[in-house]
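[1] please find the sequence and the predicted model below.
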Amino acid sequence: MIICTGDVNESATIVLRESFAKKYNLTINDGWRDDTFQLRPFFVVLSNDIIMLFTLTTQIALATMTFYYIHINTWVSDYYRKSQQTVLIALHLFHCCSFTSRI
């Protein structure tokens, strides 16, 4: 599962893995500890990924509906409508970029 695996060769991951091994005298490699697969961390990461995908989907749906209703709104000025659309796009891009950096 690509979403559930992180970059294992990242410098911070290597440092944390080594400090954990020194402190607890156990080795952890990609969900395996002492040659047994650990289900609890796997399900924690999996549930976190499901929650993140749900929030991203909800955010996209709400942003799309908001953009649509700002677009069809006729009782506000064009300047106000364009500024609201710009703010909405900026917030949407910020959330999408922060979501993809966590994957």
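    The structure has been received and is ready for your questions.
[2] C-alpha only now, for contacts and for neighbours.
    Fine.
[3] quick check: which ranges of this structure have low pLDDT?
    For the chain, applying pLDDT under 70 flags the ranges 1-10, 12, 28-35, 95-96, 98-103.
[4] domain assignment for it?
    1-37, 50-103 (automatic domain parsing).
[5] now those domains as JSON lines including mean neighbour count and distance to V44?
    What follows is the domains of the chain, written out as JSON lines (neighbours: other C-alpha atoms under 10 Å; distance: least, C-alpha to C-alpha, whole Å):
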{"stretch": "domain 1-37", "mean neighbour count": "12", "distance to V44": "10"}
{"stretch": "domain 50-103", "mean neighbour count": "13", "distance to V44": "10"}
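[6] let's have those domains in TSV, adding distance to F43.
    Listed next are those as TSV, based on distance: least, C-alpha to C-alpha, whole Å:
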stretch	distance to F43
domain 1-37	10
domain 50-103	10
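[7] can you give me the strands in this protein?
    For the chain, the strands defined by DSSP state E occupy 28-29, 32-33, 36-37.
[8] and whichever helix in the chain runs longest, what does it pack onto?
    Longest helix in the chain, counting residues (DSSP state H): helix 39-72. Judged by 3 or more C-alpha pairs under 8 Å, 6 or more residues apart in numbering; DSSP states H and E, helix 39-72 is in contact with helix 78-102.
[9] what does the helix it packs on contact?
    Outside helix 78-102, the residues that touch it by C-alpha atoms under 8 Å, 6 or more residues apart in numbering are M52, L56, Q59, I60, A63, F67, I70, H71, N73.
[10] go again using 10 Å as the cut-off
    The contact list for helix 78-102, computed with C-alpha atoms under 10 Å, 6 or more residues apart in numbering, reads 3, 6, 49, 52-53, 55-56, 59-60, 63-64, 66-75.
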